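K.L.:
no sequence on hand, only this structure:
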């Protein structure tokens, strides 16, 4: 079977070399095999499979040049992936303001679809945050919230996804540089000596 | 709208459902601005808009701009305010120059490629503008920030503005708390969100002759008598008169309440003006309003609490959001304003609530 012969839920997929590799490596969720040479897979499985995934660092090497790698986080990857839309999608950038026991509040700024020119505020369940993103759920955390329609096995379904941005980490060098700049800025401010003589 | 007369004192409190700014007319077209709030979706500070609307040029008329503390709801548009008010002395809490606070700001100063900015851009711009000014002030307990001698104003009343807080003890305490918020190496960057407590907020005392005004900022009470309102009330170095207008601290919350403020620092039945805070745990609560009404007949709220409006998206979006049980809200477009005016020597304040 070649990748070009794959047929996904009635949708022909023109896979490139990278995706062919991904397809060959992954165990797809096979739904049916209606005819020889044509296999049908769920759209969700395809979305997972054809998404380029980071290759983990080998942890063991063999004399023939092969190596062992940690398994890629397929489930997490699939969870984080925003599904291919089968209709309109609406997207907001979100900023975590406060975290409560079972929910968090966020300020939202529409970036696609809803056409609001003002900030919105909403509360989300903590359960809406993908497990792999939980460490990013802190006040000040920035995320994308996407709602829309997707096709699963030919069926249109609504989806809502929260995907946190994994921004670069703070480094000691960058912290030191910013701190020095700010302290230099503030040290240049001229203060009037405080006068604490009451006349009242 | 008309500007106040030269001998008319004005206290204008601007507070939509989230955010607060106060203007005070000291007479003779001398104004001060305390904190900043901008209309939703705009960057122009509401206080500046207000001054323009009554025909006052803030560039020359504003003599003092005070940043009481660093919380999102008090600094929206403050950099713009400081820049526009070119003749003003700028005052920030003394904790702002603390090493811990600066480290915290510095850590969040790098651009994040987010429409929300870094969260510290406003303050950084304030510092940059302050650097170009010859007169800047640190707000600390029992500190006179400004005085205008009576011969310099037509109403012939001596004018003084004092910061009543934070105490030196409070500053140390606050910096200790802020130090815990400084991110460590290797942690994923995030935007700065002002989650620190309000115990380093500046509270202000303004006297114009015998007429006094107490602006509570967001100062809260603390268990330690060396900080919060207890420290303010106990101080013998502050002005010892009584005020007839009180900007109620911290949106009328229980934590901002100190009974001795009402007995020792305020006249009976003062004009109590407060702004709402519509986020999780809305302020003021009905119990807060009840508590205030038990202490004065004159309670004025700039906007109703819980006044966030439900966002009505188009049908397609609404249908999707309904399926996931999510509702989004927005701040009202209108900016709630309470304005109190009094001719010096007159018996009563004239208070009106407006929306702009």
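P.N.:
Noted; the coordinates are in hand. No experiment lies behind these values; they were computed from the predicted model shown. Numbers count the residues shown, from 1 in each chain, chains lettered A, B, ... in the order given.

K.L.:
assign the closest residue to chain A within chain B to helix, strand or coil.
P.N.:
Ranked by C-beta to the nearest C-beta, the top residue of chain B for proximity to chain A is residue B:239, at 2.6 Å. C-beta here means a position set from N, CA and C on the backbone, and glycine is covered the same way. Following DSSP: H, G, I helix; E, B strand; the rest coil, residue B:239 is assigned to coil.

K.L.:
distance check, it against residue B:19.
P.N.:
29 Å (C-beta to C-beta, to the nearest Å).

K.L.:
neighbour count winner among the two?
P.N.:
residue B:19 (28 against 21; other C-beta atoms under 10 Å in any protein chain shown).

K.L.:
residue B:47 looks like it's in a helix, true?
P.N.:
Yes - the assignment for residue B:47 by three-state DSSP puts it in a helix.

K.L.:
that one and residue B:38 touch, don't they?
P.N.:
No - using C-beta atoms under 8 Å, residue B:47 is not in contact with residue B:38, being 9.4 Å away.

K.L.:
low-confidence ranges, the chain, go.
P.N.:
Going with chain A. A:1-87, A:194-200 (pLDDT under 70).

K.L.:
that answer is for a different chain, and I need it for chain B
P.N.:
In chain B (pLDDT under 70), the answer is B:41, B:195-199, B:280-281, B:306-307, B:356.

K.L.:
repeat that with 50
P.N.:
Counting by pLDDT under 50, chain B contains no low-confidence residues.

K.L.:
so which residues of it form helices?
P.N.:
Counting by DSSP state H, chain B has helices at residues B:46-53, B:58-61, B:72-75, B:78-84, B:99-107, B:121-131, B:168-179, B:228-234, B:259-260, B:286-293, B:315-323.

K.L.:
try chain A
P.N.:
Counting by DSSP H, the helices of chain A are A:17-25, A:43-50, A:74-80, A:172-187.

K.L.:
burial count for the closest residue to residue B:117 other than its chain neighbours?
P.N.:
Using C-beta to C-beta, 6 or more residues apart in numbering or on different chains and skipping residues adjacent in sequence, the residue nearest residue B:117 is residue B:191, 7.3 Å away. Residue B:191: 19 surrounding residues under other C-beta under 10 Å.

K.L.:
contacting residues around residue B:191?
P.N.:
A:95, A:140, A:141, A:142, B:108, B:112, B:114, B:116, B:117, B:118, B:119 (C-beta atoms under 8 Å, 6 or more residues apart in numbering or on different chains).

K.L.:
if we use 7 Å, what do you get?
P.N.:
When contacts are counted by C-beta atoms under 7 Å, 6 or more residues apart in numbering or on different chains, residue B:191 touches A:95, A:140, A:142, B:108, B:112, B:114, B:116, B:118, B:119.

K.L.:
what's around the residue nearest to the second one when sequence neighbours are not counted, how many residues?
P.N.:
Counting by C-beta to C-beta, 6+ apart, the nearest residue to residue A:140 once its immediate chain neighbours are dropped is residue B:190, at 3.6 Å. Residue B:190 has 25 neighbours, counted by other C-beta under 10 Å.

K.L.:
for residue B:327, same thing?
P.N.:
Residue B:327 has 14 nearby residues by other C-beta under 10 Å.

K.L.:
touching, it and residue B:308? I think so.
P.N.:
No - Residue B:327 lies out of contact with residue B:308 (C-beta atoms under 7 Å); the separation is 10.2 Å.

K.L.:
re earlier: in strands only, show me the contacts of residue B:191.
P.N.:
By the criterion of DSSP state E, membership of the contacts of residue B:191 in strands covers A:95, A:142.

K.L.:
neighbour-wise, which one of the contacts of residue B:191 leads?
P.N.:
residue B:108 (25 neighbours).

K.L.:
if we can go back for a sec, what about residue B:47 and residue B:38, which has more around it?
P.N.:
Between residue B:47 and residue B:38, residue B:47 has the larger neighbour count (other C-beta under 10 Å), namely 29 against 23.

K.L.:
correct me, but the more buried one touches residue B:14?
P.N.:
Yes - Residue B:47 is in contact with residue B:14 according to C-beta under 7 Å; the separation is 6.3 Å.

K.L.:
what touches both of the two?
P.N.:
residue B:21.

K.L.:
got the buried residues for stretch B:177-193?
P.N.:
Using 16 or more other C-beta atoms under 10 Å in any protein chain shown as the test for burial, stretch B:177-193 gives B:178, B:181, B:182, B:183, B:188, B:189, B:190, B:191, B:192, B:193.

K.L.:
can you pull the contacts of the last one?
P.N.:
Think residue B:193. Residues in contact with residue B:193 (C-beta under 7 Å, 6+ apart) are A:97, A:139, A:140, B:119.

K.L.:
just the third one next, same as before
P.N.:
Applying C-beta under 7 Å, 6+ apart, one finds that residue B:182 lies in contact with B:100, B:103, B:104, B:107.

K.L.:
cutoff 10 Å now
P.N.:
Applying C-beta atoms under 10 Å, 6 or more residues apart in numbering or on different chains to residue B:182 gives the contacts A:170, A:175, A:179, B:100, B:101, B:103, B:104, B:105, B:106, B:107, B:108.

K.L.:
determine which two of those are furthest apart.
P.N.:
A:170 and B:101 (17.1 Å; C-beta to C-beta).

K.L.:
so between those two, which is more surrounded?
P.N.:
Applying other C-beta under 10 Å to residue A:170 and residue B:101 shows that residue B:101 carries more neighbours, namely 26 against 21.

K.L.:
what is the burial count for residue B:229?
P.N.:
Neighbour count of residue B:229, defined by other C-beta under 10 Å: 26.

K.L.:
in TSV: the helices of chain B, plus distance to chain A.
P.N.:
Formatted as TSV, the helices of chain B follow (distance: least, C-beta to the nearest C-beta, whole Å):
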stretch	distance to chain A
helix B:46-53	15
helix B:58-61	20
helix B:72-75	9
helix B:78-84	12
helix B:99-107	4
helix B:121-131	5
helix B:168-179	11
helix B:228-234	14
helix B:259-260	17
helix B:286-293	20
helix B:315-323	5
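
K.L.:
returning to what we had before: overlap in contacts, residue B:327 and residue B:308.
P.N.:
Taking C-beta under 10 Å, 6+ apart as the contact rule, residue B:327 and residue B:308 both touch A:120, A:121.

K.L.:
and the gap between the residue nearest to residue B:117 and residue A:143?
P.N.:
11 Å.

K.L.:
identify the contacts common to these two.
P.N.:
Joint contacts of residue B:191 and residue A:143 (C-beta under 10 Å, 6+ apart) are A:95, A:96.

K.L.:
can you pull the buried residues of stretch B:132-149?
P.N.:
Quick answer for stretch B:132-149 (16+ other C-beta under 10 Å): B:136, B:137, B:138, B:139, B:140, B:141, B:142, B:143, B:144, B:145, B:146, B:148.

K.L.:
swap in stretch A:105-114?
P.N.:
Buried residues in stretch A:105-114, counted by 16+ other C-beta under 10 Å: A:105, A:106, A:107, A:108, A:109, A:110, A:113, A:114.

K.L.:
stretch A:147-167 too?
P.N.:
A:147-152, A:159-165, A:167.

K.L.:
same question for stretch B:249-263.
P.N.:
B:249, B:250, B:251, B:252, B:253, B:255, B:256, B:257, B:258, B:261, B:262.

K.L.:
next, the contact list for the residue lying closest to the first one once chain neighbours are set aside, please.
P.N.:
I take that to be residue B:249. Nearest non-adjacent residue to residue B:249, counting by C-beta to C-beta, 6+ apart: residue B:216, 3.0 Å away. The contact partners of residue B:216, by C-beta under 10 Å, 6+ apart, come to B:22, B:68, B:164-165, B:201-204, B:229, B:232, B:246-252, B:256-258, B:261, B:265, B:272-274.
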